[in-house]
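S.K.: Give me the fold of what follows.
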Amino acid sequence: MGLPPELLVFLVSAVPVSELRGALPLAINVLGIPWYWAYLIALAGNLLPVPFILFLLEKVLALLGHFAFIRKFTDWIVDLGKKRSAPVERYKRIGLLLLVAVPLPFTGAWTGSLVAVVLGLDRKEALIYISLGVVVAGVVVTCLCLLGWFGALMAGLVLSGVAVFRMMNSRKPPCLT
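M.R.: Residues are numbered from 1 along each chain as shown. Reported below is the predicted structural model:
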């Protein structure tokens, strides 16, 4: 792409979905950036959008909600935040930290920030716990990257186990009335 590798890692870690979960494997296993440098770059990139999301998202969604052609998208974003809010509602600050820290799909700094806004959490406090979650996620993903194929296998097994567990627990009992 013509970008310096460090800038590419920074940008990949700043966008939703990939965040540092995608940037660290790219940096360490593809681009050959030393793990400690990759970690710092990805950490900075992943944390960059958080204050903007926390302090501006509500206003941006309200503004965009005035346009009918965008309203479905803004409603989808708010619904996603509500769907992901259960651990935060149950465990409060630690729930927010864990939501961000666990490297699973639709978790991370963007989702944690969205949940904080949807739940009306104190923005400054949310910023602290989201940042701590990003630090933890970065350590986990860096360790998995350094383990190579063994780390990928471990991550795959854990993700599969979590998926099976969630599917088993999502079954609703039959109505007996």
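S.K.: tell me the contacts of the residue most central in space within the chain?
M.R.: Centroid-nearest residue in the chain, with C-alpha atoms, centre = their mean: residue 108, separated by 1.2 Å. Listed by C-beta atoms under 8 Å, 6 or more residues apart in numbering, the contact set of residue 108 reads 16, 19-21, 46, 100, 134, 137. For glycine as for every other residue, the C-beta is placed from the backbone atoms N, C-alpha and C.
S.K.: ok, these vs residue 8, which is closest?
M.R.: Of all the contacts of residue 108, residue 8 sits closest to residue 20, with 13.1 Å by C-beta to C-beta.
S.K.: roughly how far apart are residue 84 and residue 122?
M.R.: 18 Å (C-beta to C-beta, to the nearest Å).
S.K.: Could you report the neighbour count for residue 56?
M.R.: 13 (other C-beta atoms under 10 Å).
S.K.: do the same with residue 6
M.R.: Residue 6 has 16 nearby residues by other C-beta under 10 Å.
S.K.: What's the separation between the residue nearest to it when sequence neighbours are not counted and residue 71?
M.R.: Distances taken as C-beta to C-beta, 6 or more residues apart in numbering put residue 41 closest to residue 6, at 5.5 Å, once the chain neighbours are dropped. Using C-beta to C-beta, we find residue 41 at a distance of 37 Å from residue 71.
S.K.: who has more neighbours, the two?
M.R.: Neighbours were tallied for residue 41 and for residue 71 using other C-beta under 10 Å; the higher tally belongs to residue 41 (23 against 13).
S.K.: The more buried one sits in which helix or strand?
M.R.: helix 35-47 (DSSP states H and E).
S.K.: Check which element follows that helix along the chain.
M.R.: Following helix 35-47 in sequence, per DSSP H and E, is helix 49-64.
S.K.: Name the residues that touch that following helix?
M.R.: Helix 49-64 is contacted from outside by 14, 70-71, 73-74, 77-78, 109-110, 113-114, 116-117, 123, 126-127, 130-131, 134, using C-beta under 8 Å, 6+ apart.
S.K.: Of these, keep whichever come out buried.
M.R.: Using 16 or more other C-beta atoms under 10 Å as the burial test, the contacts of helix 49-64 include 14, 74, 77-78, 109-110, 113-114, 116-117, 123, 126-127, 130-131, 134 as buried.
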